[in-house]
Structure formats: C-alpha cells, structure tokens
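following is a predicted model, sequence given first.
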Amino acid sequence: MLYNEPSPLETRVLSRRFGQPNSTSIETYLADEGYAAFKKAAGMTPEKIIEEVKISNLRGRGGAGFPTGMKWSFVPRTSPKPKYIVVNADESEPGTCKDRVLIENDPHQLIEGVLIAGLAVDAHAGYIYVRGEYRYLIEILDKAIAEAYEKGFLGKNIQGTGFDFELYTHTGAGAYECGEESALLESLEGKRGIPRIRPPFPAVAGAFQCPTVLNNVETYCAVPAILRDGGAAFAALGIPKAGGTKMTCLTGHINKPGVYELKLGFPVKQMIEEVGGGIRMGHKLKAFIPGGSSCPVLTAAEVEGANMDYDSMASRKSMLGSGGVIIMDDQTCMVKAALRIMKFYAHESCGWCIPCREGTTWLRKILDRFHSGGGTRADINLIGDISRNMLGRTFCPLGDAAAMPTLSIVEKFRGEFEDHLNGKPCPYEHEMATA
Amino acid sequence: MPDPVKLTIDGRAITAAPGTLLIDAAKAAGIEIPAFCYYEGLSLAAACRMCLVEVEKMPKLMTACTLPVAEGMVVRTDTPQVATARKYTLEFLLTNHPLDCPVCDKGGECELQDMVFRYGAGESRYTEIKVHTPEKQFSPVVFFDAPRCILCFRCVRICNEGMGVGALGVIQRGVVSEIAPNMGDHLECDECGACIDICPVGALTSGSYRYQTRPWEMTHVGTICTHCADGCKTTLGTRNNHIIRGNNRDHSGINGEFLCIKGRYAFDFYDHPDRLQAPLIRKNGKLEEVSWSEALTTVAKKFTKTLADNGTFGVIGSNHTTNEENFYLQKFARKVLHTNNVDHHRTGDVVTLLDALSEAGQGKLASVADLYERKAFLILGADLALEHPLLSNQIRSNFRHHQARIYVVTEKPVREDKYCAASLRGRDYSSLTEKLQKESELVIVFDDSYCGEDVRKLVAFGTSLGIPVSYVPLVDYSNSRGAIDMGMVPELLPGYKPSGQPGLHVNEMLEGNLDVLWVVGANPFKAGGKKPAFLVVQDLFLTETASQADIVLPAACAYEKYGTITNVTGEVQRLKLAINTMGAKPDLDIMGFIAREMSAAAILGPWFPDTITDQIVKTVHGYKVPMATLATGGAAQTMPVNGRISPGTLPGLVHSDHNGLFASGTLGRYSKVLNSVVENRARH
Amino acid sequence: MTFSPELEGRFEKLLRSYPPGRQRSALIPMLLYAQDEVGCVSDELIDEVAKRIGVTTLVVNEVMSYYSMLHRKPLGKFHVQVCTNISCLLNDGDKLYEHACKKLGIGHKGVTPDGEFSLEEVECMGACSWAPAIQVNYDFHHFVTPEKLDRLLDGLKDGPPGGPRKK
Ligand SMILES: Cc1cc2nc3c(=O)[nH]c(=O)nc-3n(C[C@H](O)[C@H](O)[C@H](O)COP(=O)(O)O)c2cc1C
Ligand code: SF4
Ligand code: FES
C-alpha cells in the first residue's frame, strides 16, 4: 500500500504499478508488461544487455552512485566460479524508506531486474538481503518468488530460454553497517558485519568469494524499464551522465512527507514547495540533507538553485546519496540534530577500526554534554577536529558518513553551538505537537 | 623468481619481491611504518590505521599493511599529513584506555607506550567518562583486562589461525566490542599463552607473571625447554635467581615465536616446595639430610668396595640430563664400574630406523624446519597436537602458508583431521600408497606404536614410493634422542657402535638382584620394581625411585646448568644456565666428584661440559656440528646414520608415555601451572 | 531443543538456500526466526543452532552479539520499538519515546512486570516519511501521536500477540 498521496509532478516509471489493485501479484505484473524486459533480454547477448544499461546512464541508487553498467562489466563472465546476484535491501540510511515502498508495491519488478542482471553476468543464483525490521517485506517477496517459480519465471529453463535462476531472501538482524556492500556479504555468510579489505571487489570476489553483482533495490528495479523502453529513453528522463528517475523520500519538517518518484535533476525548491507542499506551519527552511544522514548538510542559501542530481549536489560539497531528503525548519536545534545523527553512527560503528570506533563515541559524548548545556568554546573546534581526524582514515565509509554531516553542521551552524554555551539550556526545546 | 619491483619510500630507491606488502618492504629497508594489527603470518586486518602512508596518485592515505608494492610506486611516510594521522589515531586509542601504565605488567615493553612516545600527542583532549569493565580471569594462565585492549585482534587470530584452536573471539560491536573466551565466562584451550605474548598491550596477562616485576629488572637467558622432545627455545626472564617468565621474546630458535604451556609456564617446578636441597642418606631406615662431602664420600666408598668385591652394578641414565652427562655416565659405568648394565627408558625406536635407513641407503631425518617447508606429511599413531606441540604447529603453519598435504593414520581422531588430505583410523597406511606416490616428497612421522619390524616395513614402504622421503621417529623427552645417541643402552656405545658385550636392560635391573643400582635423573620404579641391595639416585625430587634410595643426591635442573641436548629431530642445542639453586648440583659435577673421590677422575677426563662436548664430537658419528652455532643459541642437526647397526636393540623395551599438553612425566607433577590447569578442567 | 513444525520447515529451507559447505550462512536468519518463537536467544538456543550449523558456541556468540535485533534476555509479548532517529526526531520521536516510557513505566530495553510489553529506543527503521514511527514486534505504525500510542497499547494489552512473533 501507499502511505502518501502521489504527486502529479512525479514521473512514474519504477512506481507505475503503485496503487493498482493487488499490485504485488504476478498477474497484475504480467498484465502490465511484466517480465517482457526479461524475455527481450534473454534474446540479447550479455554484452548488449550491459551496453543498454550503460547507455541508460543508470547510477547506483544505494548512495555511492556508481555507474551500474560499468559495475556489471567488471564481472569476469568467463570465470569458472559460480556468479551471484545480491540485492541490497538493507535500507538503513536515516531518512531513507524507498526500497521498502518498491518491494511492498511491486516485488516482481525487483525479481525481473535481478533476472536480467543474472543474464548479463551469467549468474544463476541470487540473494535478496533484507533488513531484519522489514519482516513483512520478506513475506511479500517469498510469496512473489513462489509465484514466479510457479509461472516459470524462476527455476530451471526459465520460459524455455534455457536460463536457470534460483532466488532466495535472506534476513538481516539489525545492523546499519550490513548495508555496506562488503559487510553485507560477510553477514550473508553468517558472520559479524565487518567490512572486507578491498580489493578484491565484489565483482571479483563477492558472495562466497565468487564474482558477484551487488546493487541497491531501486537500481535493479530500474533495469526492466531500461531493457523494455531502451537505455536511451531512460537516460532521456534524467540529465546528462545521470539517467532516469530517483525515488525520493521527503522527510522531516514538510507538509506532505512521502516517497515520490522524481526525474533526476528535479529542482529542490519545486520539490519542497510543490511536491512536498512546503515547510510545515509556514516555517522557513534552515537545513537540508539531500540523501540520508550521511550527506553533508546544506543551508537554505546553499540549496538555492540546486537540483536533485549528483553533480548539482557535488558542486555544493554534498551528495545526492540515497534519496532520503531531510528537511529541517528554523525551529530545529542543529546541535540536537548533530547529536542524534552521531548517536546513530556511534551505535552502528562495527568497532573494527580505531578512528570510527573511538571517534563516533567521543563525538557523541561531547555533543551530548554540549546539548545539555555543559559545552565549552573549545569543544566547538574539537568537534570539528575529531571529525576531520576520522575523515578518509577509517576502514570503511561509515567513518566518513559520521564525520561529514557533523563537520558541515559545526562549520555552517557555529552560531547555534555558541547559543548553547555557558550552561544555557537548549534555546530550541519545545513541547510535543499533539493531535 | 620474478624480477623485483622498484619503488621509492621517502625518496629512497627500494626493491622488493612482487607481492611484498609495503609495510614489509619498508621494514626491510629500515623504514619503520608503525602498526598494531599487522602481524606477519596472520591474516590482514587493516583495523588499527597506524600504518597509513601517502602514496602518489592516491587520493587518500593508504594502509601499508594491505598494499602490495608496485613498480614505480612513490611512497612517503615522513610527511606532516602522515604524522598527524598517527598522532590522532593514537589520541583515539587513548580515549578509552585506562592509562594505568604504573601498575601494568606490560609497562616498559608495551607497543602502545612506545607508539605514543614516538608518534603520540603530548596531551589528551579527552575529558569524557571512559568505558570501563572489570578485569576477568579467563583461565589459570590467562587474565584479561578489557579497558587496556586496543582491539588489534592479534590474539584472536593467533589462536584461530596460528594455534588452530579458536578459543578467543570478539563479541558486541562498536566501542563496547570485547575479546571473549570460548566458554562464555572462561577459556578452555591449550593454555599456550600465545595470545598473551602477542598482545601488544597489557590486556592479556599471565597468571604466573602478573605483578611479579618490572620487565627491565629481569635478565633474559635463552635456553631450551626441558619438557617434551621438540626442543623449543625458551627465553627465561630471571631476577635474583628466580625464574619469573618464560617466552620466546626474540622469536629465535627452531620454534620462532611458538611455545606451548610447558615452554612458557611449566618452568615453575624448579622452586616447588618439595625440591631437594640437600643430599639424603638412609640412616636406620630413614632418609636424613647430610652434607655433600659425606654423601659423595659414602657413594664413592660404596662403589669402590663393590668393585673390590666383584659386586654387580647397574646404571640407569636419563631422558632429561645433557648429552655430556649421559656420555660421562655411560663412560663411568663402562670404564670405571666395568659394567655394561647401562640403559634408560627408551621412548621411540630410533635405533631400528637408523639401521633401516642405512640398509635402504636412502631416506633421511627431517628437521623441525622441514616440517614447515616439505610438501606432504604422513602422521602415524601420535596425537601430534597434544604430544608434540611444536611439530604439529610447524605442519599446521605449513598447511596455512603453503597448503601442505597431510595424511593421518591414528587410532583416535586427532586435530590434524580438520585440515588433512586424508585421515584413516587404525595402523594400516598401505591404502594411501597411490595418493602418496603422487606427492613430490614426503615426511613420515611415527610414534612408538611402530617398532622393530614395523619400522623396517615403514622404511621399505617409504623407499617404494619413489619420492624423497624423510622421517621423524617420535620420542618423549627433552633429551630422549640424545640418550640413545650417547650409548645409554647395553648393546651400543656412543654413536651406535656395537658394545660387543652383554648387559642388563632397565626391566632386568629392576628385578632387585644387583648389588648397586645407580639412577641418574630417572624414575624407573614409578611402575614398581624390586629395590636392589644398594640404590643411589640423583634427582630433583623425592620420586618413587628416590624415596627408596639409600643415598639421594639433589640434582640441578636443565635451567640451572650448561650442556647440550638433542631434540626429536636430532637437532643439538645448548642449555644455558639461567639461575643457581641452593643445594642442588648439576649431575655432571656430582658424577665428577664421585669419580674424583674414587680416584678414577683421570680415566674419565675433566668434567667440564664443553670439554666433554668436544669428546662427543670426536666419538659420536654425526655430532660434528659447528660449535659456533650451538654457542650462539642455534640448532645443528646431527646425522648419525652411519651404516648398519648391530646387534639391533630390543624393540620390546620401547614405550612412550604419550604425555599430553598438560603432562610431562614425573617432572610435570611438580609444576603448579600444569596442575592448576588440570584441576580447573576438572572443576568446569 | 524442539521447535514448531513451521520453524523446523524454515530451518530446512534455509539450510538448502546456500551453496554446499556454506550452511553457516543460515546462522543469522535461524537465530532471528528462532528468537521470534523462543522469545530470546537463550543459551540453549545458542547450543542448538551451533550444533545444527556446525560451528562453536563462541562463533554463535560473536555473531549474535553483533546484531541489535538479537536479544539474550526475553522480550515482552509486545516489543515496542520507538524510532528517535533524525527524521522521527524532527517529528518529536524523542518525546514520543519519553511518553512511551511513562506509559509503560519502563525504560530502554525494559520489560513490564507482567511480561506484556518491552520497550526499545531504536535507530532508523525505514519509515522516515511517515514519522514518527514505531514498530510493535514486526508491525509498523506511522504518524504516531501520544494518544495514538496509548490507544494502540491499551488495545494490545492482554490480547493475542500480533505480527509474526508468536509465543
Ligand atoms: C555504512 C554504509 C551503509 C550503507 N547502507 C546501504 C543500504 O542500506 N542500502 C544500499 O543499497 N546501499 C547501502 N550502502 C552502499 C553500498 O555499500 C553499495 O554501494 C550499494 O549497495 C551498491 O549498490 P548501487 O550501486 O546500486 O547503489 C551503504 C554504504 C555504507 C558505507
Ligand atoms: S587483547 Fe591484546 S591482542 Fe587481543 S585484541 Fe586486545 S590488544 Fe589486541
Ligand atoms: S528516522 Fe525514524 S524511521 Fe527513519
């Protein structure tokens, strides 16, 4: 089901079946061009499939934004080892709740995307790694997978193409770090979610040390459309170097929060005002996070003229990230926001490397003390310093993910830290809005 | 050998073999790249981030511990950026570290202290509350203080990968991650202490060493473990004639850093309350303390008298005393007491093997190093991991680093089963023939369940494989092998030359009809036997044998004297005196004094260890080993294969005690550590 | 240790889902599904799973203690998880959590004396656009207000367990 009204400004490619009566059933899917793309792909050479994905300018939707076609081309198809397709449905990036919607409303679209990836790299088995909290999605997926087996879209000699593919769901059990691709693969092997030393990358040594394609749910969900309507058509939806649409989660202080499918390059201002119905209670925008709590925070001034795409955000020293837009109005305490974000990373740090393990907890403690009025002027610089000492020195990007927002907040909202000095209680505390 | 890779580090041109890790290449060039989690031979962790360096064309600092050298690579370890990274990584490490160096065993030899001293910040900016958890005792040997732990995971890896035990793990995550023992609240493992030695900080400490001393107060003496036959080098840390610690701190010797519980901790028998400190003479039925001179003259008189009366002598030598002592003892027996009743407890049929090899005209003895380098192994009978910890460690590391293939034929399941190429129960190895023929070389390790004819069959089998085969005949104790080489048997003189005279064997000497039985460093009456007319015993403790003696002479242990011993693979090493103990004397001195009292010293020559070593080198075939090697703490393998040996000895006399990890014959009973581990096991 | 036929079925399916020799992959799912039935990851469960997968109990402990959804102590029949992460925080998720504490008279990871409810302040659960959000066992509840929470909890109390966490 959908938790928010669709917006007329959406471009509904991945979400085209959302809201259709029992949109999760294979009948609905088949009735609406379902598995057509797979059949088409089955008649193409792997090279051609990958070429099509390259043309589409599809970039990873999990956060890193790596070109998907190129990623697939790294897999040594001729390797004697079995190859695997792994779906990253760990969706744990604060502010992000789009993969959930994609699976909940159209599981077969994901399955078809996985099958096409299988054709492209000669893989015959796949795993969908779903975060433990999404138990009901696993039930939806298991049902869809069962249907697909029944209707011969999974298993041996699929639709007489001679192509075999087995697909399994695999539950996580509560760990943000298991969204990081190599930690996910460790977790998939029944281990602690500790990232791997890379190289080798998953394309060469991934699941069970075999060549593996690992993508985000949304990335796979885009693939059927690409094969069906052609890479060029998908590319045309977006902007140069970044094709298609992005599932965008509007969260925070916004009147119409929800998940919307918007063309890449969609203007931020229009997104907030028209898609999201503006900032709640007519307040003003104070801070903007484009794609999950790991992205550097942007000020209202910085988002002027910004668009929701990789380059526009990069030019503002932030990232498009996962599409989890977090909107903070002028009532927000940025120290509290920084504290809560750091509390998260300190809780989720896997503990393997020193800068991340010790840095996140140290920052959490300082910010905690600071927000409750025990801060000193020296702390403000220290917070920045500690963040800088983590940046680029940790074992995996979680350390950076913790440092970047914090750094941007102390640098851009230093004034608010000063407001908290000298035992002053937080100037932004308020009662909970009821009703 | 592929061409070496050329790169520059800090402006210096360097070459290294392809695949070399940057951190090792730098080390070889004398450039230190600091690291906590990197440890040669263990899997890579890249966790501590201390080894970050600048590499040209790389956007971020790189970990030198995971980066293989590449042609033309330009590396800088001396830039401000690198210095800052190190400084603040250490600042992070110290945030939750208790900084209790003044009361930490590791103080003075702590890698964290050294790193902070060299690369750290002068002050800490950390003012928050530290994570604290109370210290835990994992086992009688292992204590763990979590707050000191820097989570380098060396201990976990050495236990898993190095020892193949996997008794340590990591629980929780993030800042509360903690090293945990396999039994929840306690450890059940080999108690080898490798985790303690490898811990860079004072997080893991040993029950025997903790709070005993500051490291710099100790003198360190590198000598050889006196327990099993593997002959590990152990470095004893001593202070005021007390042994405080055993480890192999410089990783030298045939065992590198390896030691089992016995090598690290079971030196503690030396100051057991029951240790004999004065000679004893039986006066009206009771053993009473007497002076050395009274004891020695009494023995000498008794020996001289018995000789005059044409009485019968028996002499039993030792598996623990030095080559020099056994050599001197058998010479004493044969030249002074004019008896060939010379024997010792034989624990493996080395004699038949050497004869069979001479007969076959091929095949040799494998060295400890071979066990790490050869390609295939056939292990017969023994539970190697328990009975010969070093040998099994060598083979295990060989498997881990070179994928050696191991074939096991044992009565009971053994640890090698886990990674062996094939494992059979029982004694019959013939079904392995085809597989073994496919190997390019083979080392055959066999225990006392293969004696006499079985050994000949085994050598014939080895020869029939048509590949180079070498052998390890397992024996029990620190100098079991030396005892045979030194001719501590009736049939053979030193160097396996026929004695040409009849002589009684141990079991015959225990029948009680000798006038004098002289036991030096052995406990033959452990399993009963009839006391002879007069019994003289040299030992450390009042054993079953000593307690029946008419005269007991307190002997020095291996850690209290000089001399050479020969390990299971025939490698000679030198004992170094680490401490002097009140009352006891080295067996060699005791024997020498007796000879002098009998005015027979001249026949036997001077009794200084080194002069006797020279005699051994001259008389015992294969012992022409470079003295310089021994004197500098090295090991030299002897090759006593010198033609047929006849008459063959009696295989029936061979039997091994099959001591496990926590046993060491009679000696083991006097080790507090070994006992406490056994009791602890019983409790859980 | 014996489990319901459904759970045994799950285990079988899991052990068949991975390449030969890779049964360890089933470890985390087995623990989570078993916890749903047993109520927590008990010592007994750890031994059982270790046996079935062929690893040491230490390995199971290392793994289970890493994952925040696996609990060593029994949870309430209804495990109330309140997200206070950023998107929920911006919608007063923190105050909702405080309200839940007062309402149930317990704190983080506490269990009510009658064993009906347990409470946990959790990280982002993927409901950010419908904040503040909570999960009761595996069921999501969106746009939760204190009033809504009271009604929900009163309705659940003494009722049959909801979601897949059957007891
Ligand atoms: C700490 C951390 C957490 C991550 N969490 C997720 C996640 O929940 N879902 C996801 O798809 N990618 C996540 N990623 C990104 C993945 O590592 C990986 O880049 C991505 O799944 C690749 O798929 P894509 O190319 O389709 O984006 C995370 C990365 C990091 C460093
Ligand atoms: S106990 Fe020592 S070796 Fe083990 S992780 Fe901690 S610091 Fe490293
Ligand atoms: S922040 Fe609460 S569900 Fe994401």
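Here it is on my side, so go on. What you see is a predicted model, and the numbers here were worked out from it, not measured in a lab. Ligands and ions are numbered 1, 2, ... in the order given.

could you tell me the end-to-end distance of stretch A:70-85?
15 Å (C-alpha to C-alpha, to the nearest Å).

show me the contact partners of that stretch.
A:46, A:50, A:53-54, A:60, A:114, A:117-118, A:120-127, A:201, A:203-204, A:206-213, A:215, C:19 (C-beta atoms under 8 Å, 6 or more residues apart in numbering or on different chains). The C-beta positions use only the backbone N, C-alpha and C, and glycine is treated the same way.

swap in stretch C:46-53?
A:190, C:1, C:11, C:15, C:23-24, C:26-27, C:30-31, C:34, C:56-57, C:59-61, C:64.

hmm, 10 Å instead?
A:190, B:184, C:1-3, C:11, C:14-15, C:23-28, C:30-31, C:34, C:38, C:41-42, C:55-61, C:63-64, C:72 (C-beta atoms under 10 Å, 6 or more residues apart in numbering or on different chains).

equivalent analysis for stretch C:153-162, please.
C:36, C:76-80, C:100, C:103-104, C:112, C:114, C:116-117, C:134, C:136-139, C:166-167.

narrow those to those in strands?
Members of these lying in strands (criterion: DSSP state E): C:78-80, C:117, C:134, C:136, C:139.

identify the residues contacting the closest residue to A:Asn57 other than its chain neighbours.
Of all residues not flanking A:Asn57 in the chain, A:Gly243 sits nearest, at 3.3 Å (C-beta to C-beta, 6 or more residues apart in numbering or on different chains). Under the criterion of C-beta under 10 Å, 6+ apart, the neighbours of A:Gly243 are A:53, A:55-59, A:67-68, A:222, A:226, A:231-237, A:263-264.

what subset of these is buried?
Among the contacts of A:Gly243, those buried by neighbour count (16 or more other C-beta atoms under 10 Å in any protein chain shown) are A:53, A:55-59, A:67-68, A:222, A:226, A:231, A:233-235, A:237, A:263-264.

per-residue pLDDT, the residue nearest to A:Asn57?
Here the pLDDT value assigned to A:Gly243 is 96.

so B:Lys130 is in which element?
Take DSSP states H and E as the rule and B:Lys130 turns out to sit in neither a helix nor a strand.

isn't it up against B:Arg148?
No - B:Lys130 is beyond contact range of B:Arg148, at 11.3 Å (criterion: C-beta atoms under 10 Å).

identify the contacts common to the two.
B:96-99.

worst-scoring helix or strand of chain B, pLDDT-wise?
Every helix and strand of chain B was ranked by mean pLDDT, DSSP states H and E. The lowest is helix B:627-631, at a mean of 86.

for that helix, which helices and strands make contact with it?
Helices and strands touching helix B:627-631, as assessed by 3 or more C-beta pairs under 10 Å, 6 or more residues apart in numbering or on different chains; DSSP states H and E, comprise strand B:571-575, helix B:609-619, strand B:636-637.

give the partner strands of the last one in its sheet and their orientations.
Partners of strand B:636-637 in the sheet, by DSSP bridges, are strand B:571-575 (antiparallel).

now, which of the contacts of stretch A:70-85 lie within strands?
A:125-127, A:212-213, A:215.

make JSON lines from the residues you listed and add pLDDT and neighbour count to it.
Output for the ones in strands among the contacts of stretch A:70-85, formatted as JSON lines (pLDDT from 0 to 100; neighbours: other C-beta atoms under 10 Å in any protein chain shown):
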{"residue": "A:Ala125", "pLDDT": "98", "neighbour count": "21"}
{"residue": "A:Gly126", "pLDDT": "98", "neighbour count": "25"}
{"residue": "A:Tyr127", "pLDDT": "98", "neighbour count": "25"}
{"residue": "A:Thr212", "pLDDT": "98", "neighbour count": "27"}
{"residue": "A:Val213", "pLDDT": "98", "neighbour count": "27"}
{"residue": "A:Asn215", "pLDDT": "98", "neighbour count": "26"}
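
which of these sits closest to chain B?
A:Thr212 (20.5 Å; C-beta to the nearest C-beta).

run through chain C and note the low-pLDDT ranges.
C:162-167 (pLDDT under 70).

which residue is most remote from the mean position of it?
In chain C, the greatest distance from the average C-alpha position (C-alpha atoms, centre = their mean) is reached by C:Pro20, at 29.9 Å.

now that residue: how far from A:Glu302?
Distance, C:Pro20 to A:Glu302, using C-beta to C-beta, to the nearest Å: 54 Å.

before we move on, what about C:Gln81?
Separation of C:Gln81 from A:Glu302 (C-beta to C-beta): 35 Å.

out of the two, which sits in the busier spot?
The neighbour comparison of C:Gln81 against A:Glu302 (other C-beta atoms under 10 Å in any protein chain shown) goes to C:Gln81, with 22 against 19.

ok, that one touching C:Phe117?
No - using C-beta under 10 Å as the test, C:Gln81 is too far from C:Phe117 to be in contact (11.2 Å).

tell me, what's touching these two both at once?
By C-beta under 10 Å, 6+ apart, the residues touching both C:Gln81 and C:Phe117 are C:100, C:136.
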